[in-house]
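**Student:** Make a model of this:
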Amino acid sequence: MLVPLYEAVYDRLEVGPASSVLGLGCRSGLALLLAAGRGAQVAGQEPRDELRELAHGRRLRVCDGSRATAAVPRPAHSLVTVFEQLPGAAESRTVVTGAARLALPGGHVVLAAWGPPERCESAPVLDVARRRAGRTSARDPFELSSPGALEDLLAPAGLRPAGSGRVSCPFAYPDLDSAVRGLLSTGLFEPAEEFSGASLVAKELEEALQPYLRADGSVRMENLFRYLVAERQR
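**Tutor:** Sure thing, here's the model as predicted:
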């Protein structure tokens, strides 16, 4: 669903054979695969075992990221991306600081987040995760959507703004069942499933998706994502 975001960033930064790309929270590695297709050297960090195994199946070099970034002897990447780990992250400043340490001086760090909730048709659907999580700490995917929220993370990490953009990323599924399974796979609903039960969360997701169900049985939600390009100061 985020391929338009990945491609927009790679086009803007002219990712190619001279690029070394590190994806933090790279999930199954699709963004890295696209960068590799442009000739870039790629690597990733992904804490979830099942997603890391999928990345390995794509022959990508992905580790669990358990080693502290401060222990890395020298930065080696011209581009470090945080496409999916950052939105809703409780320790987003730590994530950005770690990303900066892994970028070459003069290299780039890219942060991405959901756009304003009113520009994202998935917002009321994702609200099921908040409502059904009880008192547990459900992630808020729109935590960093407010103006200046991403920019505030840069200076403490030794980064300076170097551009930004907005990208339309429709969430499209062939049917309702695929939409439910796809949304549950994001990890955003895990606290809700633990608190309220998987069956109840799935049922409420089906109900929340009804306004986006099309005549042919497919589901489509228009969404806007924002990315911020930062440069590591030399």
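**Student:** now the end-to-end length of stretch 107-121.
**Tutor:** Across stretch 107-121, the terminal residues are separated by 34 Å (C-alpha to C-alpha, to the nearest Å).
**Student:** Name the nearest residue to residue 166, sequence neighbours excluded.
**Tutor:** Nearest non-adjacent residue to residue 166, counting by C-beta to C-beta, 6 or more residues apart in numbering: residue 226, 5.2 Å away. Bear in mind the C-beta positions are built from the backbone N, C-alpha and C, glycine included.
**Student:** Dig out what that neighbour forms beta bridges with.
**Tutor:** As for beta bridges, residue 226 partners with residue 113, residue 166 under DSSP bridges.
**Student:** Could you check how many residues crowd around it?
**Tutor:** Residue 226 has 22 neighbouring residues, counting by other C-beta atoms under 10 Å.
**Student:** ok, it to residue 182 distance?
**Tutor:** 22 Å (C-beta to C-beta, to the nearest Å).
**Student:** Equivalent analysis for residue 207, please.
**Tutor:** According to C-beta to C-beta, residue 207 and residue 182 sit 16 Å apart.
**Student:** neighbour-wise, which of these two wins?
**Tutor:** More crowded of residue 207 and residue 182, by other C-beta under 10 Å: residue 182, with 14 against 10.
**Student:** Now do the SS call for that one.
**Tutor:** helix (DSSP: H, G, I helix; E, B strand; the rest coil).
**Student:** Count the residues that sit near the closest residue to it other than its chain neighbours.
**Tutor:** Leaving aside its sequence neighbours, residue 182 sits nearest to residue 173 (C-beta to C-beta, 6+ apart; 5.8 Å). Residues lying near residue 173 (other C-beta under 10 Å) number 21.
**Student:** For residue 173, list the residues it contacts.
**Tutor:** Neighbouring residues of residue 173 by C-beta atoms under 8 Å, 6 or more residues apart in numbering: 179, 182, 218-220.
**Student:** Now, those residues that are in strands?
**Tutor:** 219-220 (DSSP state E).
**Student:** okay, and for the protein, where does confidence drop off?
**Tutor:** 66-75, 85-90, 135-138 (pLDDT under 70).
**Student:** all strands of this protein, in order?
**Tutor:** Under DSSP E, the chain gives strands at 20-24, 41-45, 62-63, 77-82, 103-114, 159-168, 171-173, 219-221, 224-232.
**Student:** which parts of the fifth one are buried?
**Tutor:** Within strand 103-114, the residues that qualify as buried are 103-104, 107-114, counting by 16 or more other C-beta atoms under 10 Å.
**Student:** Centre of the chain to it, how far?
**Tutor:** Taking C-alpha atoms, centre = their mean, to the nearest Å, the mean C-alpha location of strand 103-114 is offset from the chain mean by 13 Å.
**Student:** And it, what does it pack against?
**Tutor:** For strand 103-114, the packing partners by 3 or more C-beta pairs under 8 Å, 6 or more residues apart in numbering; DSSP states H and E come out as helix 3-12, strand 77-82, helix 92-101, strand 224-232.
**Student:** for the longest helix anywhere in the chain, packing partners?
**Tutor:** In the chain, with assignment by DSSP state H, the single longest helix is helix 198-209. Packed against helix 198-209 by the contact rule (3+ C-beta pairs under 8 Å, 6+ apart) you find helix 123-131, helix 176-184.
**Student:** out of those, nearest to residue 196?
**Tutor:** Counting by C-beta to C-beta, residue 196 lies closest to helix 123-131 out of the helices and strands packed on helix 198-209; the figure is 8.8 Å.
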